[in-house]
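J.: here is the input, now give the coordinates:
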Amino acid sequence: MTATAATTGVVPAARTGGSRHLAGTRPLLRLALRRDRIMIPVWVLVLGASYLSVSNSYSSLYGTAAARADVVRSMSANSSLRALYGPFFTDSIGGLTTARMIAFGSALAAVMSLLIVVRHTREEEETGRQEMLSSAMVGRRAPLTAALLTALIANAALALVITGGLAGGTGDTTGSLALGLATAGVGMLFACTAAIAAQITENARLAKGLTGAVVGAAFVLKAAGDAATDDGSSVLTWLSPIGWAENVRAYADERWWALLILAAAITVQAVLAYALTGRRDIGMSFLPARPGPAAGRLGTAGALALRLQRGSLIGWGAGFLVAGILFGGITEGAAELVGDNERTKEIFERMGGHQGLTDAFLAAMTGMLGMVAALYVVASVLRLYGEETGGRAEPVLAGSVGRLRWAAGHLLIAFAGAVLIMLLGGVGLFLGYGHDLPGILGAALVQLPAIWLLGALAVLLYGALPKAAVAAWAVAGLALTLGWIGPAIDLPQAVMNLSPFGHLPKLPGAEMAWTPVAVLTALAAALTAAGLAGLRRRDMLN
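T.: Below is the predicted model:
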C-alpha cells in the first residue's frame, strides 16, 4: 500500500531526494508543542512531584538507617509487596523511593507518551487534519517524526524534573539521574510502541488500547518476576521493559548498561515504525476494519455500544480482580509492616479512617480502586466524543436512533460497568484477604457515587462544551493524585475535600453515612441530565 503524491501531497523521494520525507517536521513539531502546551507540563510536573513527595514522605517516616533497614527487611520478605513495588536494592531514601515509584512512574510515563504519539499521528489522520496538512509540502514521515520528538521532549523534561528534585532531597545526583533516565527511557520506548500501533490499527482508540495492553502486560510480567525473586533476576522481570528500568538499580551501584537495552529497543521500534509509515496510505492501516452484522445482536444502539466497549470492560474487570487479589494478599501483613511507626499509621488513618489498622488498610485500598475506576468511567463516557468526531456517530443518528438513545447505550456501559469492575475488585480483595466478604463488597460499592460524579462531569462537558471534554481527564487525575499523594504529604482536609472521594464513609470499620452518598448520587444524576440536555440542543461536530 504505497501512497502517491496525489493522495498525500508528498513529492516522491525518487524525484526530490529522501530528505523530502522529513520536510515540514519543524512546523509540525511547533504545532504539536503548542497543542500540548498544557498537557505535557501538567503530566511532567505532577509525575515529577509525585517522586519528590514520596521521597519526602520516606524521609519523615524512616528518618534513621535502622528504621529503613527494618522496613526493607519486612517488605522484601513479602512476595505480594515485592510484586506491588519491586525489590529493594538499598535501604537509602533514594532506594526506597525507587522501589516505590519505578514501576508506577514508568507506567505513567508510558501512558503520557502513548497519548502524545497517537494524538499526533493516528488521531490526526482519523479526523482528516493530516490529509489537509499533507496537501502542502509535508514529508511522508514528518508527522511521525514530529510526534516522536514531542514525546522525546516530554520525557526529557520528566527526567530533568525527577533528577533535579531528587538530587536535592537525597543528596545523590548520580542515583537521581539514573532513576530519571530509567523512567524517561520506558516512556520513550512505549512512545515508539504507540508509533507502531498507530500504523497497524484503524483508529486512535485501537492504537491507544493496543499500546495500553502492552504497558499492562509489561507491568504484570515485572510484578510476577519480582514476586518470584527478591533481586530482580527473574526471567519474567527481564522480559518486561519496566523490569529493565528496575534493573538500572538507581542509588545502588547503578547498572548503566541496562539503559542500553532500553536504547536498543527504542531504536528497533523506531526503525520499524518508520518502515511501516512509508508503506501505507494516509488514513489506511495494516489491520483494516472488518464490517460487522447490522442485525441481530447489533440491531440496537445499546447493543452497538456494548460491542464497541466490551473489550475495554473485560480488560478493566480482569485488572481489578487481579489488583484486588494482590491488595488482599498483603492486608494481613499491613499491621506488622507498619509496626510502631506512628507516621505511617497516621497516613493509613487519613486514607482509610481511624478504625483498626487492617480495616483502615482495606478502606484505603478500596478507595484507590475507586479512584482508578473513575478513569474507566471517564474513558467510557468520552467514547461518545470519539464516535462523534470520528464520523461514526453520523450514520447511526441518520436513521431512527435519536441522540439520547444513542448516548444512553454508552452511558449505561460506563456507569453500570463501574459497578461491575468495583464488584470484581471487592471479590479480589476478599479472595486475597479471606475474610469479611459483605464488609469488603460494601466498601467497594460505597465508592460508586464519587465515581459516577466524575463520569457525570464528563457527560456535562461532552454535552455542553464538547471541545473541552478532555478536561474531564484532568479532574479525574486530580482526584487520583489527591488520594494517592495527599495523605502522605498531609494536605489540609479542605484540599482533600476537592475530591468527591474525600466525602465518602471509610468502610469497612466506620459507620455508614448515607447523606454524602445520597448527595453525590443526586449531583451525578443532575450533571448527567444537564449534559444530555446540552447534547440534545447543540450541533454535532464535523
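
J.: quick one, what contacts the residue lying closest to Ala109 once chain neighbours are set aside?
T.: Counting by Cβ to Cβ, 6 or more residues apart in numbering, the nearest residue to Ala109 once its immediate chain neighbours are dropped is Gly187, at 3.2 Å. Using the backbone N, CA and C atoms, a C-beta is placed for each residue, glycine as well. When the contact criterion is Cβ atoms under 8 Å, 6 or more residues apart in numbering, the partners of Gly187 are Ser106, Ala109, Ala110, Met112, Ser113, Ala151, Ala154, Asn155, Leu158.

J.: so in the protein, which helix runs the longest?
T.: helix 403-433 (DSSP state H).

J.: CA atoms of stretch 69-86 as PDB?
T.: As requested, the backbone C-alpha atoms of stretch 69-86 are provided in PDB (Å, rounded to 0.1, in the frame of the first residue of the first chain):
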ATOM      1  CA  ALA A  69      16.700  -1.300  57.200                       C
ATOM      2  CA  ASP A  70      13.800  -2.800  59.200                       C
ATOM      3  CA  VAL A  71      11.200  -1.800  56.600                       C
ATOM      4  CA  VAL A  72      13.300  -3.100  53.800                       C
ATOM      5  CA  ARG A  73      13.600  -6.500  55.500                       C
ATOM      6  CA  SER A  74       9.800  -6.600  56.200                       C
ATOM      7  CA  MET A  75       8.800  -5.600  52.600                       C
ATOM      8  CA  SER A  76      11.400  -7.800  50.900                       C
ATOM      9  CA  ALA A  77      10.100 -10.900  52.800                       C
ATOM     10  CA  ASN A  78       6.600 -10.400  51.500                       C
ATOM     11  CA  SER A  79       6.200 -11.600  47.900                       C
ATOM     12  CA  SER A  80       3.000  -9.600  47.400                       C
ATOM     13  CA  LEU A  81       4.700  -6.400  48.400                       C
ATOM     14  CA  ARG A  82       7.600  -7.200  46.000                       C
ATOM     15  CA  ALA A  83       5.100  -7.700  43.200                       C
ATOM     16  CA  LEU A  84       3.400  -4.400  44.000                       C
ATOM     17  CA  TYR A  85       6.600  -2.300  44.400                       C
ATOM     18  CA  GLY A  86       9.600  -4.300  43.500                       C
END
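
J.: what pLDDT, on average, does that stretch get?
T.: Averaged across stretch 69-86, pLDDT comes to 73.

J.: kindly report the same for stretch 35-43.
T.: Across stretch 35-43, pLDDT averages out at 87.

J.: and for that stretch, what's in contact with it?
T.: Applying Cβ under 8 Å, 6+ apart, the set of residues contacting stretch 35-43 from outside is 33, 108, 112, 115-116, 119-120, 150, 153-154, 157-158, 474.

J.: give me that answer again for 7 Å
T.: Met112, Ile116, Thr150, Ala154 (Cβ atoms under 7 Å, 6 or more residues apart in numbering).

J.: stretch 476-485 too?
T.: Counting by Cβ under 7 Å, 6+ apart, stretch 476-485 makes contact with 46, 50, 53, 367-368, 371-372, 374-375, 378, 454, 496, 498-501, all of which sit outside it.

J.: farthest-apart pair in these, please.
T.: Ser53 and Val378 (23.9 Å; Cβ to Cβ).

J.: okay, the two: which has more neighbours?
T.: With neighbours defined as other Cβ atoms under 10 Å, Ser53 and Val378 compare such that Val378 has more, 26 against 21.

J.: didn't the more buried one look like it was pressed against Ala472?
T.: Yes - under the contact definition of Cβ atoms under 7 Å, Val378 touches Ala472, with a separation of 4.9 Å.

J.: spit out the residues that contact the two alike.
T.: With contacts taken as Cβ under 7 Å, 6+ apart, the residues that reach both Val378 and Ala472 are Ala458.

J.: list the buried residues of the helix or strand encompassing Ala159.
T.: In this structure, Ala159 is located in helix 142-170 according to DSSP states H and E. By neighbour count with 16 or more other Cβ atoms under 10 Å, helix 142-170 contains the buried residues 142-159, 161-167, 169-170.
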